[in-house]
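Chemist: sequence first, predicted coordinates after that:
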Amino acid sequence: MIFPRGEVVHKNLSTAYTDLSALVSTLKSEGFSGTIEIEFPQHKGTLFFGSGEIVDAEARGGAEAKKLAGQEAAQALLGLTGQKNGMVSIYRLPPERLAIVTKNLQNEIVFKGLSTDFTRLEGLLHKLREDKLTGFIEVLTKDNQPMGVLFLEEGESVEMYTLPESGPSVFGRKSIPIFVETVTKQGAVFDVYRIRGGVSKKEKEEVLAVPLTSPPPKAEESKELIPIFQDILSRVEKWVDGATQRGTFLKAFNRSRMEKSGEFFFLDPFSGEFSYQDGTIRFAGETSGKDFARGILECLRSSLPHLEKEFPKNRMFLLKLRAEIESSLEYHGGAMKILGIDTDFSSFFQ
């Protein structure tokens, strides 16, 4: 699978000077989300991190270039610790974008090497829609350079990312029509994959025929936002505690929760609906997505005066903190917009 490129954290670190196991431990403690690409002469692969945990992996190695996935791949890659002839690169990716990739790691080929010389992309998408395929299409130039990946659920195009010549991959569901048009004009080659072990349409209909107790729609909205705000809070916490001392951010944030609990009940520590500890959000309420986002953003906003009182003479600290919060919000702006959350943060500090 063609993996997306995230924001570069470190690139081409030599394992002659980098302890792989120590690096993994550090990323876990930092609540890192993204990928570690590992390459040795006979082995290469990728570890996928979500909020400080290895959530998946893919690896190839040996004379037959055997493909491994999941826990087996992770163990194989971590087993390379101590070898000196490899390279390691680290890329940051938001958890919700990482999830798109890991969901599709277990796959099987359906069509390989389809060319626009003989295949119309619109016609291919129409067929996959009729087949209700859940998987993805890798798009490559005619000289085999990766262009992007288009994801399908039940045959419908749901997300995509492109790979520019430099910089991080560009995600965007709204760009799918433009991407299809560009690919059609320029010419390309397609490889189509289906998620392995997917449920057939008939099996799905049988499951749907059984009454289920579904969680309230409002709770589902909030749960979709948890990975986003978990990443935002852990980034800000790491910055604040790194500049001061451990626990400084959490103290100010929890104080703000009490202040805002009258307006946002789920924030009340005694309600048992919300908690943030060690970089992890736990939520068991029924608050709507918009109120969930507003509540946490208001807590962040009202945490600033508390932190300012802690360090009244350090004006630079507050300026840098505001810049860090703005950067984190902008980083997730696109994903929040798709989920229906207002992404105009211009008045956040007013």
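Modeler: Perfect, I can see it now. All figures in this text were calculated on a predicted structure; none of them were measured in a lab.

Chemist: contact partners for Leu105?
Modeler: Residues in contact with Leu105, defined by Cβ atoms under 8 Å, 6 or more residues apart in numbering, are Met1, Asp56, Glu58, Ala69, Gly70. C-beta: built from backbone N, CA, C; applies to glycine.

Chemist: same thing but at 10 Å, please
Modeler: If a contact means Cβ atoms under 10 Å, 6 or more residues apart in numbering, then Leu105 has Met1, Phe3, Thr46, Phe48, Asp56, Ala57, Glu58, Ala69, Gly70, Ala73, Ile195, Arg196 as its contacts.

Chemist: beta partners for the fifth one?
Modeler: It refers to Asp56. Beta-bridge partners of Asp56, counted by DSSP bridges, are Phe48.

Chemist: hmm, Glu72 and it touching each other?
Modeler: No - look at Asp56 against Glu72 with Cβ atoms under 10 Å: they stay out of range, at 11.2 Å.

Chemist: look at those two and report which has more neighbours.
Modeler: For Asp56 and Glu72, the more surrounded residue by other Cβ atoms under 10 Å is Asp56, and the numbers stand at 22 against 11.

Chemist: re earlier: just the contacts of Leu105 now: which is nearest Pro94?
Modeler: Checking the contacts of Leu105 against Pro94 with Cβ to Cβ, the nearest one is Phe48 at 12.5 Å.

Chemist: and that closest one, how many residues sit next to it?
Modeler: Neighbours of Phe48 (other Cβ under 10 Å): 23.

Chemist: contacting residues for it?
Modeler: Taking Cβ under 10 Å, 6+ apart, one finds 3, 33-36, 54-58, 73-74, 93, 98-99, 101-102, 105 in contact with Phe48.

Chemist: gap between it and Glu58?
Modeler: Noted for Phe48: a distance of 8 Å to Glu58, by Cβ to Cβ, to the nearest Å.

Chemist: cool, Ile325 as well?
Modeler: Taken as Cβ to Cβ, the span from Ile325 to Glu58 is 34 Å.

Chemist: now do the phi/psi pair for the residue nearest to Val88 when sequence neighbours are not counted.
Modeler: Spatial nearest neighbour of Val88, excluding adjacent residues (Cβ to Cβ, 6 or more residues apart in numbering): Leu13 at 4.5 Å. Dihedral pair for Leu13: phi -80, psi 130, per degrees, to the nearest 10.

Chemist: for Leu13, give me its contacts.
Modeler: Leu13 neighbours (Cβ under 10 Å, 6+ apart): Leu20, Leu23, Ile36, Gly86, Met87, Val88, Ser89, Ile90.

Chemist: now, those that are in helices?
Modeler: Secondary structure from DSSP state H places Leu20, Leu23 of the contacts of Leu13 in helices.

Chemist: just confirm Glu330 is within a helix.
Modeler: Yes - counting by DSSP: H, G, I helix; E, B strand; the rest coil, Glu330 is part of a helix.

Chemist: neighbours of it, just the number please.
Modeler: Neighbours of Glu330 using other Cβ under 10 Å come to 11.

Chemist: same deal with Asn104?
Modeler: Other residues close to Asn104 by other Cβ under 10 Å number 19.

Chemist: surely it is in contact with Val158?
Modeler: No - Asn104 is beyond contact range of Val158, at 11.3 Å (criterion: Cβ under 10 Å).

Chemist: now do the helices in the stretch 251-350 of the chain.
Modeler: All helices of the stretch 251-350 of the chain, identified by DSSP state H, counting those that start in this stretch, fall at 289-310, 315-331, 333-338.

Chemist: which parts of the longest one are buried?
Modeler: Buried residues in helix 289-310, defined by neighbour count with 16 or more other Cβ atoms under 10 Å: 289-304, 306-307.

Chemist: before we move on, what about stretch 237-251?
Modeler: Glu237, Lys238, Trp239, Val240, Ala243, Thr248, Phe249, Leu250.

Chemist: could you identify the most distant pair in these?
Modeler: Ala243 and Leu250 (14.3 Å).

Chemist: so what's the gap between stretch 257-275 and the chain middle?
Modeler: 27 Å (Cα atoms, centre = their mean, to the nearest Å).

Chemist: endpoints of it, how far apart?
Modeler: Its start and end residues considered, stretch 257-275 measures 10 Å (Cα to Cα, to the nearest Å).

Chemist: before we move on, what about stretch 108-127?
Modeler: Stretch 108-127: ends 18 Å apart by Cα to Cα.

Chemist: which residues touch the residue lying closest to Lys142 once chain neighbours are set aside?
Modeler: Nearest non-adjacent residue to Lys142, counting by Cβ to Cβ, 6+ apart: Gly187, 5.6 Å away. By Cβ under 10 Å, 6+ apart, the contact set of Gly187 is Ser115, Thr116, Asp117, Thr141, Lys142.
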